[in-house]
Every structure is written in structure tokens, then in C-alpha cells.
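Chemist: next input, structure requested:
(2 chains)
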Amino acid sequence: MTHLPLLVRALRDPAQTAGFTLADWDLVLRQATSANLTPMLLALIEEHGLLAQVPQQARAHFEWVRILATRHRQAVRFEVACILEALQPTGVPLLLLKGAAYTMAGLRAGAGRLFSDIDIMVPKARLDDVESALMLHGWVSTHHDAYDQRYYRQWMHELPPMQNMRRGSSIDVHHAIVPETMAVRPDPQRLRAAARPVADHPGLATLAPCDMVLHSAVHLFFDGEFDKGLRDLLDLHRLLGEFGAQPGFWETLPVRAAELELGRPLFYALRYAALLLGTPVPPAVQQAVQAFRPNPALLWLMDRLFGRALLPAHASCQDALTAPARFALYVRGNWLRMPPLLLARHLFHKAFLTPRTAD
Amino acid sequence: MLTVASLTRSQLQTRLAGHGLAVRTGPFTSLIRSPIAYIADGIALLYGDYPLEDAQGFADFHVHLRRSGGVRRWYRPQVHFDVDGLVPFEPLPEAHAFPMLEWALNWCISTRAHAFLMIHAAVVERNGLAVMLPAPPGSGKSTLCAALVSRGWRLLSDELALFRPHDGALVPVPRPVSLKNRSIEVIRDFAPDAVLSQPVSNTTKGTVAHLKAPSASVARAHETTRAAWIVFPKYEAGAATELTPIARARAFLRVADNAFNYSQLGALGFDTLAGIIEQCDSYDFRYSDLDQAMEAFAALEPPR
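Modeler: Predicted coordinates:
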């Protein structure tokens, strides 16, 4: 991790881009494209007032993605308004998660962040009502295979993704932030009870700041897919940077992590955000999360795995161990997701029984 | 300014197989890498007039066409295309490599260059006034475009009309004109001096050959122009040449239907297109005879 890719250096310290040559811009934009982070790099460069220094050829690319980011923000607002309207008869409050939450709450983590579906969280007891209400407004379930339906409904923390028939937009309806089959069980009731209303958007809520960070951490470090790894690490970096300025945030974070059984993902989040992106973490918090630290051998291994999988998926950021590292983390993600016997059954079904033409 | 023609055939091949060949086409620089001889042949024949850029500098698009490995190296060899690691298309037979490069470059522009309102259309210009020919495949757009540029019209593009939103100017991206099936013979007869690439048969679009863009059009690739007419061509065997005016609202919807990024541009797309429609006269155009078609275009009255 001593030699960070150009994109990571630019995200870590946007002021460094002032010294970039044209060839550096060529490479950093290619890395950003492969990580789907060009609009977020633009947002950081603009926050630092550096856009005027970007050479014209590279700035053209930023202007191309600015159009997409603007359109995306507009589409998210419209989509959230549609979901709010659909859920109104149920009386279930609209609690937004991840990208949609960052965007609607106007957080810096939402600036230039592109995402393909809107994630919401509702009480498990109200899933049926919410699903019916969404169906009445044009959203339909996408996984028609009976096994997939059971996989989601019985074992996962969300309904099968629903897609709007007219607009093609997707929504993930969660009732918890980790699968039902996982060993740790952060209590959804506690998360919902701490939710915060979104200013200027009546009817919308997000998780509380600490919970938002913990959700982002568990999503990144307990999952098996790292194609958006750097984007998710940047989310953590931006959330920690913004919330870190609020009184009480840092003191609460390790305590809340322990309450929700999310100490380990928090440890990883703070470690890799600091190592890769230079996220400032107060020494007292560093000290507090040592309790969640894995044993030295495991940590040594995780440094090697995450150190590779969190880099952009671009040829210039890969070595011979990148593919094995990503595969190992994929296996680990599945291992964490389900108990061994259930996992074996699930993989057997997916490998041999699921029809190839499904979907 | 050095052009591709300044390289010998072997220098060209070495560059393509090595760091890549950086070619400027209109506002874009593409770094093309490929060891495949069909690619070098096509570029040597059709891209001689284009400016060379520094292969170690900045490129907008990094395109790479490679041969398949393993058994496929000998048995029905294929060409694989990627844009800097991203693979948007399935591999094709190796003989389709050059058309694939052309499609790949179009794909790069149409999926990325959102600084422009991009319409799937051919654009040609004379005396500072441009005609845009939007049309779905099979309408005879490229045939008409090839015929017009071989009769002195300037080629802006055969595939992509790029409008700058802030002033509505048309930005040229002159590249080879793609001709399909019978059009290839039609253009050979119509313009015997035209430089055409070796036809490639059995592609997804049938037999394809590319017409070299006129040198004068490539030399003027930096000169923007304005659209004056929008003409929706329709080739019909035996049809009389017929130019029928279209109402503006109708023309608006039909152009929007042929746009690559109208909805991504949102309100900016609407305003830009409204400005274009406002300044243009729009027509449906049925034709079967190219000479008569040329006369009809020459006789187009500037909009009032």
C-alpha cells in the first residue's frame, strides 16, 4: 500500500491534482471511469476550487459526466417522490438507505455519486403492505424463479429487487441491514428508532449519522463483491469527514458499533479509509476500536486482500494477486452471509438446479 | 502537423501493435491498439489525412482490438474489442476487425461525449449551411451522404450529429462513411474515384465497406457550422424524387427519437433541440435516383 494509484491519491488529497501532467490526467480519468468515480472526483476537485487548473482535455471529460450526474440527481429526486406517494396509504415512513439517503440529505457523500437502485428500509411486519403498495404504482418483482423468491424472502434482508414497468427504475426494499442468515444481527428496530428526518423533505428519513456509517461499513466489509469497493470506501471517507465535525459523533460511534454487533466492520472501515484515503480518525477512537481488531494473522491477510480489492478495477491498479484476492473475498462474503450447511445447499442449487435461462 | 500518412506501413503496424496509434478525429483523440493486420490496412487506406497525436499523452478513448487466444487463434479466429478493459461487444470473426473498430469508435463517442446533444444522423454542409439526415438503418442515409460528399458537400459525419448546447453549433467528426450491401456498388458507379475499403461480408449489418472521408473535410474538422435543413431520407425503388415539408413539432419528436442522449441532457436537451428545429426547415425526402437527389439538395432554399 506504499504506492497508491493516481486516482486514490487524487481522492485522498485533491490538491495533488494541481501537479498532474497531461499523461497523469489520462491515467487518473481511466482509473476513475473503471471505478465509476469520475463525477465524485469532479465534486472533490470543485470543492477544492481546482477545476480551473485542470487541462482542457481532461476538463471536457468532467463536463461529460457532469451532465450524467445532474440527470441522475434529478431522477433520484423524482423516483423518491414517486415512492413516497406510493407508500403514503400504508402510513409506513420512508427511510432511505445508502446513495439515495446521501443524495436526498444533501450530504457530501452524495455529491456526484452514481447508483442504480434506491434502497429503502421498512418494518418486517409491514413488508407485504409495502410490496402491494409499490405494485399498485407499477413496480414488479424481478426474480421469478421460485428458488430465488424463497432465497430473498426467507433468508435475505430484502425483498427481491422490484423494477418499475414504465421507467425501468429499481428499488430494493430492506427490513434489516444484513441477511437473516448472518451470525451478527444488528436490531432493525433500534436503527429505525434512531432515524432522522431529512430537512426540507417532509416524510423522508435517513439513518442516524453513526448508523449510516456502520451500515456503509457492514455493506462494504461483509459483502463479497468489490467492483464498487473504492466508491464505498470513499462514501465512508466522506461520511466520516462530514459527521466527524458534529459534536458527540466520534464518542458515540464505537459504542453504537458494539450495541449493533458491528465492531469488526467498523474496525476495517476506519483502518482502510485511513490507510488508503487518509481519513482523519481521532486517537481515542482508534484506541476504542482495537477491541474489534482481528487476530494478527487474519489482519495480515485482510490487509493483503482489501489492499487489492479496494483499488480501482483498472489494469494499472492490478497485480498477479488481484484476481485471487477478489475471489477469496467473494468466498468470504458468502461464508459470512450464511451458515455452512445452508451455503452449501444454496451453492449447489445455483450451480446445478437453477435454469440457465432464468432472468 | 504530422498525419497518419507520414508513417510507413511498417511504422504504422509497429505503433498499433505497441503503445498504440493516437489519431485525432474532430474533437476526439483515440488511442488505437491492435496487432491485427486488417486494422492496419483499414487505417492506412482511410485515415491517412488525420492528425497524429502523442501516444503517451492524453487520449479520450483507449480502444484495443486483439486476436483470440487458444484454439481460436487458428480455428475461426476472432477479434475481441475492449475500451480500456471494458468489453461492450461480443467478439466477431477476425475479418470483421475494421468495421468493428468503426463501430467501437462510434460507441465510445455516443455513450460518453455528453457535452453534445448527439443525434444518430449524417451531416453534410455547403456554403456554411448544413443538412442533417437523421434516419434509422436502411433508409439510405449513408448512401445519400456518400453521394453528396462525392459531389462537393463537406462531410461532418455519417453517424453522429454533435450539437454544442450553448450555441447550437454543429461540431464535425468526419470519419469514413459506412456503406452497406447494394449501396457499395451504387457508390462505386456514382463516384468511380471514391476510395473504398475491401467489403466485409456476413457482418450483422450484411456486407460493409467504408468510404474514405474527403481530405478537404478532414482538413476542416475544426470548423463548426450551423444546421439549416433536417431531411429524413427514405430510399424506395422506383420512387419519384419528392421533398415534403414537415411541421416543426413533428420534426422535433422525430429528431428526439433518433437522439443518443436527449433524455440524459434533460431541459438542456429540450432547449438545444428546440433551437435547432427553430432555425431549420424540415422535410421528408423520398428518392430512388441519386442524380435527381443531388439536384434536389442543390436546390434547397436557405430557411427564412
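Chemist: contacting residues for residue 104?
Modeler: Just so you know, I chose chain A. Residues in contact with A:Met104 (CB atoms under 8 Å, 6 or more residues apart in numbering or on different chains) are A:Val76, A:Arg77, A:Val80, A:Leu96, A:Gly110, A:Val198, A:His201, A:Leu204, A:Thr206. (Each C-beta comes from the backbone N, C-alpha and C, glycine too.)
Chemist: switch to chain B, please.
Modeler: Applying CB under 8 Å, 6+ apart, one finds that B:Ala104 lies in contact with B:Val63, B:Leu65, B:Phe81, B:Val83, B:Pro88, B:Phe89.
Chemist: try 7 Å
Modeler: Neighbouring residues of B:Ala104 by CB atoms under 7 Å, 6 or more residues apart in numbering or on different chains: B:Val63, B:Phe81.
Chemist: distance of it relative to B:Arg248?
Modeler: Using CB to CB, to the nearest Å, B:Ala104 is found at 36 Å from B:Arg248.
Chemist: ditto for B:Phe285
Modeler: For B:Phe285, the distance to B:Arg248 equals 17 Å [CB to CB].
Chemist: of the two, which one has the most company?
Modeler: Just comparing B:Phe285 and B:Arg248: by other CB atoms under 10 Å in any protein chain shown the higher neighbour count belongs to B:Phe285, 23 against 14.
Chemist: across the sheet, point out what pairs with the more buried one.
Modeler: Beta bridges link B:Phe285 to B:Pro233, B:Leu243, judged by DSSP bridges.
Chemist: how about the residues of the stretch 251-359 of chain A by chain B?
Modeler: The stretch 251-359 of chain A comes close to chain B at residues A:His314, A:Ala315, as judged by CB under 7 Å from any CB of the partner chain.
Chemist: cool, the stretch 1-150 of chain A as well?
Modeler: With the criterion set to CB under 7 Å from any CB, the stretch 1-150 of chain A comes near chain B through A:22-23, A:25-26, A:30, A:34, A:57-58, A:60, A:63-64, A:67-68, A:71, A:74.
Chemist: taking the residues you listed, tell me the two that lie furthest apart.
Modeler: For the residues of the stretch 1-150 of chain A next to chain B, the farthest-apart pair by CB to CB is A:Ala23 and A:Gln74; their separation is 35.0 Å.
Chemist: burial count for residue 174?
Modeler: Just so you know, I chose chain A. 21.
Chemist: nope, chain B please
Modeler: B:Pro174 has 26 neighbouring residues, counting by other CB under 10 Å.
Chemist: ok, now which ones touch it?
Modeler: Contacts of B:Pro174 by CB under 7 Å, 6+ apart are B:Gly26, B:Leu155, B:Leu156, B:Ser157, B:Ala213, B:Ser217, B:Val218, B:Ala221.
Chemist: tell me the secondary structure for it?
Modeler: For B:Pro174, the assignment made with DSSP: H, G, I helix; E, B strand; the rest coil gives coil.
Chemist: give me every residue that touches residue 281.
Modeler: In the absence of a named chain, this looks at chain A. Per CB under 7 Å, 6+ apart, neighbours of A:Val281: A:Leu270, A:Ala274.
Chemist: was after chain B, sorry
Modeler: By CB under 7 Å, 6+ apart, the contact list for B:Asp281 reads B:Trp229, B:Pro245, B:Pro303.
Chemist: give me that answer again for 6 Å
Modeler: Contacts for B:Asp281 (CB atoms under 6 Å, 6 or more residues apart in numbering or on different chains) come out as B:Trp229, B:Pro303.
Chemist: same thing with A:Gln53?
Modeler: A:Ala18.
Chemist: from A:Met40, how far off is it?
Modeler: Computed as CB to CB, the A:Gln53 to A:Met40 distance reads 18 Å.
Chemist: near chain A, which residues of the stretch 51-200 of chain B? Just list them.
Modeler: B:Gln56, B:Gly57, B:Phe58, B:Asp84, B:Gly85, B:Arg112, B:Ala113, B:His114, B:Ala115 (CB under 6 Å from any CB of the partner chain).
Chemist: now rank the contacts of B:Pro174 by neighbours and give me the top one.
Modeler: Going by other CB under 10 Å, B:Leu156 tops the contacts of B:Pro174 with 32 neighbours.
Chemist: SS state for whichever residue of the stretch 101-250 of chain B sits closest to chain A?
Modeler: For the stretch 101-250 of chain B and chain A, the shortest gap (CB to the nearest CB) falls at B:His114, measuring 3.9 Å. Classification of B:His114 by three-state DSSP places it in coil.
Chemist: under the pLDDT cut-off, which ranges of the stretch 201-350 of chain A? List them.
Modeler: Along the stretch 201-350 of chain A, the model assigns pLDDT under 70 to no residue.
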